[in-house]
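Participant: sequence and predicted structure, then a few things I'm wondering about:
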Amino acid sequence: MIALSLAEIATVAGGQMHDIPDPSVQVTAPVVRDSREVEPGGLFVAFVGERADGHDFAPAVVEAGAAAVLGSRPVGVPAIVVDDVQAALGALARHVVRRLGATVVALTGSAGKTSTKDLIAQVLQHKAPTVWTPGSLNNEIGLPLTALSATEETRFLVLEMGARGIGHIRYLTGLTPPRIGLVLNVGTAHIGEFGGREQIALAKGELVESLPSKDEGGIAVLNADDPLVRAMASRTAAKVVLFGESDEADVRAENVRLTDSGQPAFSLHTPSGCSDVTMRLYGEHHVSNALAAAAVAHELGMSAEEIATALSEAGTLSRWRMEVTERPDGVTVVNDAYNANPESMRAALRALVAMGKGRRTWAVLGKMAELGDEALAEHDAVGRLAVRLNVSKLVAVGGREASWLQLGAYNEGSWGEESVHVSDAQAAIDLLRSELRPGDVVLVKASRSVGLESVAQALLETGAEGEVAAR
């Protein structure tokens, strides 16, 4: 957080100061909404939620050292009171970003946002101090909190932007106006809420519409391999940079392959040179993510060699996204349970098969949420793909959607014992504990609401008699 006085914060947020004896006191530590994360000199943002009211924690956070509370009512301790806490938080973020002068890189897409954001952050860190969205905190609360964590030393601010409807990204870009906007893909994630891929494209394209013109330094980084994304070039006045495996891409990959352990390797080509990359991440889908990161980094002045080195060193920053851990007995657990959509399911299955050459492979899969009328067809298709890829065993976890996964597998290959439908995570754990053997590879993946990370955690605890080596 750049230092701001309580008086300045009140002015920017449009609030009134209550119980503040010295308005010149400065906020110098992070702005947080979780009372457990308060640091001395920080600002606590009190939201009223369904389960808890942040105002109830006000005395405790001030006692812990918070300079004040930003809330919607007086709380008997130093507070800035506003009519709308979310709007005030956004106004404060906009003010700080304007003062900061850092380059804002914003990205969106139907799949791969968080993994790509983590790659961009790690690459740009090689050039200058960088702040980025933690995990998937990409909404109207998480994004301003990320922006407010920047300091005077920050030169790059990498922000993931999510959307569940038209206008959402437009609102976020208004809080933290980007100079570089990256659109990864237009898939079927949240298609039930949007109503179709064309509507998703309309919403995602709000990012490039927000960019400054080419003459003002605006840059739109677009996926040349996705027609709906590539078409967004007509919606922006910014410079357009294409990435992908297409020959027409400005930043592209050639000689793409997977190592014996399932890690992608390729030759990175940029307008200023080329260099070889071998990634630490797993799955060929990370090639597109890496190219997106490379395109951003190249536009910010990094050479092909610098980018390739950074990409080859980059790891997983956000939990439960293709986390690969090998148990002492040789069982490999791939925890990709943070979220799921049809595109990421297909990518994860292909990664599982690549990693499991010569070994038994298990796909422990659950519901993909928010698919609307496409839910049956998409779950069926994932089950069929598991058969076509020759996954050794599919464990479908949950209710109706899990039955659709199993149905797709059965219809594609007349599977018998290779596919099983279990009621919940505990049933999956019990099954796996009884049937796994050394050398097996287990993928765990479903939408966040299913909570299948508990399966991966239980499997690691089962095999944790010796030291577990995370790769």
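Facilitator: Yes, it's here. The structure displayed is predicted, hence computed values, not measured ones.
Participant: in three-state terms, label residue 289 for me.
Facilitator: Here residue 289 is recorded as helix under DSSP: H, G, I helix; E, B strand; the rest coil.
Participant: okay, now it: neighbour count?
Facilitator: Neighbourhood size, residue 289 [other C-beta atoms under 10 Å]: 28. C-beta here means a position set from N, CA and C on the backbone, and glycine is covered the same way.
Participant: so which residues of the stretch 251-400 of the chain form strands?
Facilitator: For the stretch 251-400 of the chain, the strands defined by DSSP state E, counting those that start in this stretch cover 251-258, 264-270, 273-278, 323-326, 332-335, 361-365, 393-397.
Participant: against residue 348, how distant is the residue nearest the centre of the chain?
Facilitator: By C-alpha atoms, centre = their mean, the chain has its centre lying nearest to residue 114, at 2.0 Å. The spacing between residue 114 and residue 348, counted by C-beta to C-beta, to the nearest Å, is 14 Å.
Participant: check residue 285 too.
Facilitator: 8 Å.
Participant: residue 193 in helix, strand or coil?
Facilitator: helix.
Participant: where is the longest helix in the protein?
Facilitator: For the chain, the helix with the greatest residue count under DSSP state H is helix 85-100.
Participant: could you identify the helix or strand that succeeds it?
Facilitator: strand 103-108 (DSSP states H and E).
Participant: what's the angle from that following strand to helix 85-100?
Facilitator: Angle of strand 103-108 versus helix 85-100, following axes from the mean of the first three to the mean of the last three C-alpha atoms, to 10 degrees, is 140 degrees.
Participant: where are the low-confidence patches of the stretch 51-200 of the chain?
Facilitator: 189-192, 194-195 (pLDDT under 70).
Participant: again, only this time at 90
Facilitator: Within the stretch 51-200 of the chain, the segments meeting pLDDT under 90 span 101, 110-111, 135-136, 163-165, 187-197.
Participant: do the same with the stretch 251-400 of the chain
Facilitator: For the stretch 251-400 of the chain, applying pLDDT under 90 flags the ranges 258-262, 283-285, 316-322, 339, 341, 343-344, 347, 357-358, 370, 372-373.
Participant: and residue 219, bridged to which residues?
Facilitator: Following DSSP bridges, residue 219 is listed with bridge partners residue 180, residue 239.
Participant: my guess is it contacts residue 241. True?
Facilitator: Yes. At 6.1 Å, residue 219 counts as touching residue 241 under the criterion of C-beta atoms under 8 Å.
Participant: quick one, helices of the stretch 301-450 of the chain?
Facilitator: Along the stretch 301-450 of the chain, counting by DSSP state H, counting those that start in this stretch, helices occupy 304-313, 342-355, 375-388, 400-413, 425-435.
Participant: what strand or helix carries the closest residue to residue 77 other than its chain neighbours?
Facilitator: With sequence-adjacent residues excluded and distances taken as C-beta to C-beta, 6 or more residues apart in numbering, residue 77 is closest to residue 62, at 4.2 Å. Using DSSP H and E, residue 62 sits within helix 58-63.
Participant: show me what that helix packs onto, helices and strands only.
Facilitator: strand 43-45, strand 68-71 (3 or more C-beta pairs under 8 Å, 6 or more residues apart in numbering; DSSP states H and E).
Participant: give the buried residues for the longest one.
Facilitator: When you say that, I think you mean strand 68-71. Under the neighbour-count criterion of 16 or more other C-beta atoms under 10 Å, strand 68-71 has 68, 69, 70, 71 buried.
Participant: got it, and the first one?
Facilitator: Of the residues in strand 43-45, those with enough neighbours to count as buried (16+ other C-beta under 10 Å) are 43, 44, 45.
Participant: wait, the first one sits on residue 27?
Facilitator: Yes. Using C-beta under 8 Å, residue 43 is in contact with residue 27, at 4.7 Å.
Participant: for the two, list the residues in contact with both.
Facilitator: With contacts defined as C-beta atoms under 8 Å, 6 or more residues apart in numbering, the residues shared by residue 43 and residue 27 are 1, 9, 67, 68.
Participant: for the residues you listed, which one is nearest residue 322?
Facilitator: residue 1 (32.0 Å; C-beta to C-beta).
Participant: that closest one reaches residue 31, doesn't it?
Facilitator: Yes. With contact defined as C-beta under 8 Å, residue 1 reaches residue 31; the gap is 6.0 Å.
Participant: for the two, indicate the residue with more neighbours.
Facilitator: Neighbours were counted for residue 1 and for residue 31 using other C-beta under 10 Å; residue 31 has more, 26 against 22.
Participant: tell me which of the buried residues of strand 68-71 is nearest to residue 104?
Facilitator: residue 70 (22.7 Å).
Participant: doesn't residue 157 fall inside a strand?
Facilitator: Yes. Secondary structure of residue 157 (three-state DSSP): part of a strand.
Participant: any idea what it is bridged to?
Facilitator: Going by DSSP bridges, residue 157 forms beta bridges with residue 104, residue 131.
Participant: my read: it touches residue 176, true?
Facilitator: Yes. Judged on C-beta under 8 Å, residue 157 makes contact with residue 176 at a distance of 7.1 Å.
Participant: which residues do the two both contact?
Facilitator: 97, 104, 147.
Participant: and residue 339, its phi and psi?
Facilitator: phi -160, psi 170 (degrees, to the nearest 10).
Participant: which residues touch the nearest residue to residue 290 once chain neighbours are set aside?
Facilitator: Nearest non-adjacent residue to residue 290, counting by C-beta to C-beta, 6+ apart: residue 311, 5.1 Å away. Residues in contact with residue 311 (C-beta under 8 Å, 6+ apart) are 119, 123, 268, 277, 279, 290, 293, 294.
Participant: can you add distance to residue 19 and neighbour count and give the residues you listed back as CSV?
Facilitator: Putting the contacts of residue 311 into CSV (distance: C-beta to C-beta, whole Å; neighbours: other C-beta atoms under 10 Å) gives the following:
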residue, distance to residue 19, neighbour count
119, 45, 29
123, 45, 28
268, 56, 24
277, 56, 24
279, 53, 22
290, 51, 30
293, 46, 32
294, 51, 29
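Participant: which one of these is nearest to residue 207?
Facilitator: The closest of the contacts of residue 311, once distances to residue 207 are taken by C-beta to C-beta, is residue 293, at 16.3 Å.
Participant: relative to residue 365, which of the helices and strands packed on helix 58-63 is closest?
Facilitator: Closest of these to residue 365 is strand 43-45, at 37.1 Å (criterion: C-beta to C-beta).
Participant: and the closest one, what does it pack against?
Facilitator: By 3+ C-beta pairs under 8 Å, 6+ apart, strand 43-45 packs against strand 31-32, helix 58-63, strand 68-71.
Participant: so what touches it?
Facilitator: Applying C-beta under 8 Å, 6+ apart, the contact partners of strand 43-45 are 1, 9, 27, 29, 31-33, 35, 38, 54, 57-58, 61-62, 66-71, 85, 89, 145.
Participant: can you check stretch 232-244 too?
Facilitator: In contact with stretch 232-244 (C-beta under 8 Å, 6+ apart) are residues 181, 183, 201, 204-205, 208-209, 211-214, 218-226, 230, 248-253, 288, 291-292, 294-295, 298-299.
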